[in-house]
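Colleague: Mind folding the following:
(2 chains)
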2 protein chains.
Amino acid sequence: MRLNLAPKVATITASAQCQQMFELLAQDLLSKARCARLTTAHGVIDTPAFMPVGTQGSVKGVSPRELRELNAQIILGNTYHLFVRPGLDVIKHFGGLHKFMNWDGPILTDSGGYQIFSLSKLRKITEDGVEFQNHIDGARAFISPEIAIETQAALGGDIVMALDECIPYPCEYEYAAQSAEMTTRWARRCKEWQKENAQRSTSNAQRPTAVGSAVPAESRADALGTAHTTGRQLLFGIVQGGTFEDLRKQSAQAIVELDFDGYAIGGVSVGEPEEEMMRAVEWAEPLLSKDKPRYAMGLGTPPQLLEMIARGMDMFDCVLPTRLARNGTAFTDTGTLNLKNAEFARDKRPIEENCVCPACGGFSRGYIRHLVKAEEILGLRLITLHNLRFYLELMNRARAEIERGTFDQFRKTFVADYKTRDAMMIE
Amino acid sequence: MRLNLAPKVATITASAQCQQMFELLAQDLLSKARCARLTTAHGVIDTPAFMPVGTQGSVKGVSPRELRELNAQIILGNTYHLFVRPGLDVIKHFGGLHKFMNWDGPILTDSGGYQIFSLSKLRKITEDGVEFQNHIDGARAFISPEIAIETQAALGGDIVMALDECIPYPCEYEYAAQSAEMTTRWARRCKEWQKENAQRSTSNAQRPTAVGSAVPAESRADALGTAHTTGRQLLFGIVQGGTFEDLRKQSAQAIVELDFDGYAIGGVSVGEPEEEMMRAVEWAEPLLSKDKPRYAMGLGTPPQLLEMIARGMDMFDCVLPTRLARNGTAFTDTGTLNLKNAEFARDKRPIEENCVCPACGGFSRGYIRHLVKAEEILGLRLITLHNLRFYLELMNRARAEIERGTFDQFRKTFVADYKTRDAMMIE
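Modeller: Residues are numbered from 1 along each chain as shown, chains lettered A, B, ... in the order given. Below is the predicted model:
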């Protein structure tokens, strides 16, 4: 509880370095929820913020124009997917991910680690990094903390993530402890690489040779020559530690000591019970700098997002709105609708009354159901637009409620009204 | 040759009945190409016109808003597909196809016959009509000429098509002859049903019982109660006759004698050589009323469309722009591009220079290739928009060239420059 703060207090950020980067605007009295403004090379992000996931250089089913019309302020790009296809050299040839996909707003790229652990074959993890075979053509590659940042530098995202090991659930304490410590050592190497190369990009001095690199030498030489210089990229560190309190706290403290531009909670939403997920965040959060953005990775349902906001989280990414849309599932304030159900065949109502998304503005549940049943692409397009708008609007509402000092009641009412269904589980 | 006409002559239509429905605006001197304006219940269509195919109540991959932005003036709906799924009663419940799919422009519906012959199982054709099992759930149904028009009346299209038998290629002369005669008898029944029921919809008298109907009795009773009255629907007759000159001419003459609102050439683009297709149109065309729209069904490539325009055809529908887009193939003035090819991986150019479509306005060939290879929906969306715009723009150019009196040279130059590739074949 932070009852000593008056509502709507605009907190001054702690360090001069971050003053322009992250500006706290309001702090909820009854929870740790806060409103802030995060400034990146390609624009400003109002937090709490939801980031639609543009896995392979495209938010599935949605055009950049539609994302702009939905007022999406930032999207996520998956480094692993882009590295595998079309390949880093191709994206660099096009001048970075922004130009490649025609999105001029902020982009956050992940490190690629999560997909290496979840998708690729024959992983071999050492202190140096991870050797793996990709899931498309089985080509071997190696990623180290340095290569992860170098790769993201080339993609040109506004926010880049340190390489971490995302351990599965459940996981033995001993493995989780050693892994979290390695993640910290990797985080330090990421930070050092960026610091060194940001300077080098200015001084044009020779860079050290990577231990082993998935990036062709020629491409590496060009990595800092793009318009998106390393120095302008914000680097976030990632807290790990599994479901263990002492490990989460140790990890948070160690990562914060490295002084990143922002902090992410990783290793959540990997199959653990929701209470475990909440605890992982609650343990780490008090150790995270108040004047830096906090990013809860890869989650979650609408109620989970509000609970995370109440626990001091600022940024989110999740495939649920796009993935469930492709399965015919739409989000509403009172839970999800599976539009494939026969009950909607003659339903003339929009997915949700009073929704201003492009789907609800012109199309009935019955028509969208027909499209989904007939496997017409327009069906998943319309539901995707609705779902993304729902998630983005949920963040708008959260911000407004925080600013009004009424967030905690809003969260409780929303969560109580929302009926989680089976379809809500991330597969 | 119609050298006796000066360029840009606005021909006065022959009958008072059709004066407002179809207005000839210009006639090419060196070919049979003409410009006209066709007025329907939901709007005006400038001909030559291309109709994007909205098979199942959606032009595949495209939203109604995008169709409007592409300046599509009319789309086609497939009665068979809509009858099978979601079913006629559902579309009537929503107030007709326009409201169901949120498209307020003109719609042409086909009779359903073509898909019954190409998709359904266990067809049994008799003089009465066709008994068939649909390809989705195998449910049995029966369609007669009367039911075909009744069904289209319920869908509410602006232009409806008589039921015909579309014979395959090749086909024996004897079968083609008998089939064409039956198609004429069916056309007469379609015409009579519409005439009788247009009156009945005013007088509210009892209608005759159909021999057998795929439409539930309750639905039939409502069929004329929709906002889209039968009387406002334009009914087109269809010329058949296979690849036989005398049969094509006999069919054309017999269909024209029935005095439809417009005339279609059916049974073309069914696998016959291109020269056979051209001849089928050339044989029938002189017999078709000059003051009525002519519709060449289910074709074709861009050069074929220009050749058909030169042979006096006004309206076209074809799945090529949408279907090939889903395969990664884009149309250009010099032929098709298969964007999956490796040569495009680093191509920074748009699909076609100077094209103003939404794809060429923001996306490179390389990016679109990546999307197609990665099976991202945005890839086929972008190519679909480009291809539809290409077809629609080709009609715009044809109209402008006809009005300028330069169409014939335009056609020759375009056809010579255009390289037909294997991908152009309709599958």
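
Colleague: dump the residue contacts of the residue nearest to A:I136 when sequence neighbours are not counted.
Modeller: Excluding the flanking residues, the one nearest A:I136 by Cβ to Cβ, 6 or more residues apart in numbering or on different chains is A:V84, at 5.3 Å. In short, each C-beta sits where N, CA and C put it, glycine included. Neighbour list for A:V84: A:134-136, A:139 [criterion: Cβ atoms under 8 Å, 6 or more residues apart in numbering or on different chains].

Colleague: redo that, cut-off 10 Å
Modeller: If you count contacts by Cβ atoms under 10 Å, 6 or more residues apart in numbering or on different chains, A:V84 has them with A:56, A:78, A:112, A:115, A:119-120, A:134-137, A:139, A:141, A:214, B:374.

Colleague: Which among those count as buried?
Modeller: Neighbour counting with 16 or more other Cβ atoms under 10 Å in any protein chain shown marks A:56, A:78, A:112, A:115, A:119-120, A:134, A:141, A:214, B:374 as buried within the contacts of A:V84.

Colleague: Mind putting those into JSON lines with distance to B:M313 and secondary structure?
Modeller: Listed next are those as JSON lines, based on distance: Cβ to Cβ, whole Å; DSSP: H, G, I helix; E, B strand; the rest coil:
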{"residue": "A:Q56", "distance to B:M313": "42", "secondary structure": "coil"}
{"residue": "A:N78", "distance to B:M313": "49", "secondary structure": "coil"}
{"residue": "A:G112", "distance to B:M313": "55", "secondary structure": "coil"}
{"residue": "A:Q115", "distance to B:M313": "53", "secondary structure": "helix"}
{"residue": "A:L119", "distance to B:M313": "52", "secondary structure": "coil"}
{"residue": "A:S120", "distance to B:M313": "55", "secondary structure": "coil"}
{"residue": "A:N134", "distance to B:M313": "51", "secondary structure": "coil"}
{"residue": "A:A141", "distance to B:M313": "56", "secondary structure": "strand"}
{"residue": "A:A214", "distance to B:M313": "57", "secondary structure": "coil"}
{"residue": "B:A374", "distance to B:M313": "40", "secondary structure": "coil"}
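
Colleague: Which pair of those residues spans the longest distance?
Modeller: Spanning the widest gap among the buried ones among the contacts of A:V84 are A:A214 and B:A374, at 18.8 Å by Cβ to Cβ.

Colleague: hang on, the earlier thing: any chance of the buried ones among the contacts of A:V84 in a markdown table, with pLDDT too?
Modeller: Listed next are the buried ones among the contacts of A:V84 as a markdown table, based on pLDDT from 0 to 100:
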| residue | pLDDT |
| --- | --- |
| A:Q56 | 97 |
| A:N78 | 96 |
| A:G112 | 92 |
| A:Q115 | 91 |
| A:L119 | 87 |
| A:S120 | 82 |
| A:N134 | 91 |
| A:A141 | 94 |
| A:A214 | 43 |
| B:A374 | 97 |
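
Colleague: okay if I get these as TSV plus distance to A:M277?
Modeller: Output for the buried ones among the contacts of A:V84, formatted as TSV (distance: Cβ to Cβ, whole Å):
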residue	distance to A:M277
A:Q56	27
A:N78	21
A:G112	23
A:Q115	20
A:L119	22
A:S120	25
A:N134	29
A:A141	31
A:A214	32
B:A374	30
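
Colleague: Can you name the residue of the stretch 101-250 of chain A nearest chain B?
Modeller: The minimum distance from the stretch 101-250 of chain A to chain B, using Cβ to the nearest Cβ, falls at A:N102 (4.4 Å).

Colleague: Over to the spatially closest residue to that residue that is not a sequence neighbour. Which of the three states is it?
Modeller: Setting aside the residues directly before and after it, A:N102 is nearest to B:G362 in space (Cβ to Cβ, 6+ apart), at 4.4 Å. Classification of B:G362 using DSSP: H, G, I helix; E, B strand; the rest coil returns coil.

Colleague: B:G362: neighbouring residues, count only.
Modeller: 16 (other Cβ atoms under 10 Å in any protein chain shown).

Colleague: Over to A:V319?
Modeller: Neighbours of A:V319 under the rule other Cβ under 10 Å: 17.

Colleague: what's the distance between it and chain B?
Modeller: Distance, A:V319 to chain B, by Cβ to the nearest Cβ, to the nearest Å: 14 Å.

Colleague: Looks like that residue contacts A:G298 (just checking).
Modeller: Yes - A:V319 is in contact with A:G298 according to Cβ atoms under 10 Å; the separation is 8.1 Å.

Colleague: need the contact list for the residue nearest to A:N102.
Modeller: A:63-65, A:101-103, B:350, B:382.

Colleague: and those, which two are the farthest apart?
Modeller: Greatest spatial distance among these (Cβ to Cβ): A:W103 and B:P350, at 16.8 Å.

Colleague: More neighbours: these two, which one.
Modeller: Taking neighbours as other Cβ under 10 Å, A:W103 and B:P350 compare with A:W103 leading, 25 against 21.

Colleague: Next, the more buried one: secondary structure please.
Modeller: Note that with three-state DSSP, the state of A:W103 is coil.

Colleague: leaving aside the residues next to it on the chain, what's closest to it?
Modeller: Setting aside the residues directly before and after it, A:W103 is nearest to A:P64 in space (Cβ to Cβ, 6+ apart), at 4.7 Å.

Colleague: rewinding a little: backbone dihedrals for the residue nearest to A:N102, both of them.
Modeller: Dihedral pair for B:G362: phi -150, psi 0, per degrees, to the nearest 10.

Colleague: A:V239 now?
Modeller: A:V239 adopts backbone torsions of phi -90, psi 130, taken as degrees, to the nearest 10.

Colleague: Bridged to it, which residues?
Modeller: Taking DSSP bridges as the rule, A:V239 bridges to A:I265.

Colleague: ok, it - how many residues close by?
Modeller: Neighbour tally, A:V239, other Cβ under 10 Å: 34.

Colleague: swap in A:E276?
Modeller: Around A:E276 there are 15 other residues, counting by other Cβ under 10 Å.

Colleague: Beyond the helix or strand containing it, next helix or strand please.
Modeller: Under the criterion of DSSP states H and E, A:E276 resides in helix A:274-284. Using DSSP H and E, the helix or strand that follows helix A:274-284 in sequence is strand A:294-296.

Colleague: So which residues make contact with that next one?
Modeller: Residues outside strand A:294-296 that contact it (Cβ under 10 Å, 6+ apart) are A:32, A:34, A:36, A:47-49, A:51, A:108, A:159, A:161, A:236, A:238-239, A:262-266, A:268-269, A:277, A:280-281, A:284-285, A:288, A:304-305, A:307-309, A:311-318.

Colleague: can you tell me which of those residues are in helices?
Modeller: Judged by DSSP state H, helices contain the following of those: A:277, A:280-281, A:284, A:304-305, A:307-309.

Colleague: List the contacts of the residue lying closest to A:D261 once chain neighbours are set aside.
Modeller: Leaving aside its sequence neighbours, A:D261 sits nearest to A:L234 (Cβ to Cβ, 6+ apart; 3.9 Å). Neighbouring residues of A:L234 by Cβ under 10 Å, 6+ apart: A:18, A:21-22, A:38-41, A:106, A:108, A:157-161, A:194, A:260-262, A:292-293.

Colleague: Now list the buried members of these.
Modeller: The neighbour-count criterion (16+ other Cβ under 10 Å) marks A:18, A:21-22, A:38-41, A:106, A:108, A:157-161, A:194, A:260-262, A:292-293 among the contacts of A:L234 as buried.

Colleague: Just these: which are in strands?
Modeller: Using DSSP state E, the members of these that fall in strands are A:22, A:38-40, A:108, A:159-161, A:262.

Colleague: Show me the two of the residues you listed that sit farthest apart.
Modeller: Based on Cβ to Cβ, the longest span within those runs between A:T39 and A:M161 and measures 18.2 Å.

Colleague: contacting residues around A:P273?
Modeller: Applying Cβ under 10 Å, 6+ apart, the residues near A:P273 are A:169, A:243, A:279.

Colleague: Much appreciated, bye for now.
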